Every structure is written in C-alpha cells, then in structure tokens.
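Q: Here is the input, now give the coordinates:
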Amino acid sequence: MSQYTPTTGIITQIHWQNIDPNQLGCSLMISFRSMDQGDIHVIVDGSTYVVDNRQLKVGDQVTFFYSLSAPVPLIYPPQYRAVVAVHTPSGQYAALDVFTQIPYNSQLTNSDDTLRLNLSRRIPLTLPNGQVFGGALAGKLLLVIYSATTRSIPAQTTPERIIVFCGGE
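A: Sure thing, here's the model as predicted:
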C-alpha cells in the first residue's frame, strides 16, 4: 500500500495560514471541494512540491497527495498537509507511489498492484528540479501523470510524464 494518498477536486478558497508569526506568508490554507471526501482543507507550504511551479488558483482542478503517516488534527473539515500538488485537468490523473519491476518483464507496477506502467523512450523522465533522469525507475518514488488506462486488473497506462524522487519514500 502506498504511503501517499491522493485527493482530487476544485480549489474554492486560498488564504494565508497565520499560525506562527515567524512563518507569516510561508504557507497557504486551501479550501478544496474533493471528489471523494467533500470539503477539506489542504496546507501548502515551502516543502510542498508543486509540479511545474504553477501557481494554485481558485477554480483549478488539482490533485493533492498527503502522507498517510503524517499526524492529522481531528477536526471538520479534515485538514491535510500536501506533499505534492499537481494540476489535473479533466481526463488527466496522477499517481505517487514506489513502483517495482515485474520479474521477467520491463513493466513497473505500484505498491498495491492497481496500476501498471507501459514504458517507452518517448516518456519524459525528470527530477523534481526539471533535470533529466537517466537511471532505473524501479524502487523509486515516482509521480506518474497519465490520462487513459485499460480496464484490466491492474489497470495499465502509458504515462505522459514521470517525475522521479530519488530519495525513495
């Protein structure tokens, strides 16, 4: 099972989070209408990786990933600290997980065997800082951006883009 879970939806409000006066202006509280959880709040700060450094705006459809092992206050609406944020317009999806290589095959599969990657040389492989990645993908934490999948089990996709986090989990 993945250490990170996604939630996708539409941003409804963005405002500065004012918890620590020394950190004023460093983190945002995003009100978000999630497709799977309803209304939630997501904290985005300097440690959140935002794909392509795109500014988040009200009305954007975004997928936020948060750690399942991070502490969460018992409040309503729920409040999560985003690890990754990616714009996912209609028809686009994202997965953040450690992918492993299937024995005797070049395909990669995620930790709960629900998504299998069909790789080609045309898929851009980059590091979070935008530099080209040139190593093996197996065993690394990958942000996979894709659109179409098969209806098989596990679902298979040819990614549009893969961002490799070399630190693993």
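Q: Low-confidence stretches in the chain?
A: In the predicted model of the chain, residues 1, 19-21, 23, 168-169 satisfy pLDDT under 70.
Q: for it, what spans make up the strands?
A: 4-16, 28-34, 38-44, 49-50, 61-67, 79-87, 93-98, 100-101, 108-109, 115-117, 125-126, 141-146, 155-157, 161-165 (DSSP state E).
Q: looking at the ones you listed, which is closest to residue 73?
A: strand 79-87 (5.8 Å; CB to CB). For every residue, glycine as well, the C-beta is placed using N, CA and C.
Q: what's next to that closest one, contact-wise?
A: The contact list for strand 79-87, computed with CB atoms under 8 Å, 6 or more residues apart in numbering, reads 4, 7, 30, 40-45, 47-52, 54, 56, 60-67, 70, 72-73, 94, 96, 143, 145.
Q: And residue 61, how far from residue 86?
A: 10 Å (CB to CB, to the nearest Å).
Q: before we move on, the earlier item: in a markdown table: the strands of the chain, plus mean neighbour count.
A: As requested, those are arranged in a markdown table below (neighbours: other CB atoms under 10 Å):
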| stretch | mean neighbour count |
| --- | --- |
| strand 4-16 | 16 |
| strand 28-34 | 19 |
| strand 38-44 | 18 |
| strand 49-50 | 17 |
| strand 61-67 | 23 |
| strand 79-87 | 20 |
| strand 93-98 | 22 |
| strand 100-101 | 15 |
| strand 108-109 | 22 |
| strand 115-117 | 22 |
| strand 125-126 | 16 |
| strand 141-146 | 22 |
| strand 155-157 | 17 |
| strand 161-165 | 21 |
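Q: between these, which one is nearest to residue 22?
A: When these are compared for distance to residue 22 using CB to CB, the nearest one is strand 4-16, at 13.6 Å.
Q: Report the angle between the closest one and strand 61-67.
A: Orientation check (axes from the mean of the first three to the mean of the last three CA atoms, to 10 degrees): strand 4-16 against strand 61-67 gives 110 degrees.
Q: I'd like to know which elements strand 4-16 is packed against.
A: Here strand 4-16 touches strand 28-34, strand 38-44, strand 61-67, strand 79-87, strand 93-98, going by 3 or more CB pairs under 8 Å, 6 or more residues apart in numbering; DSSP states H and E.
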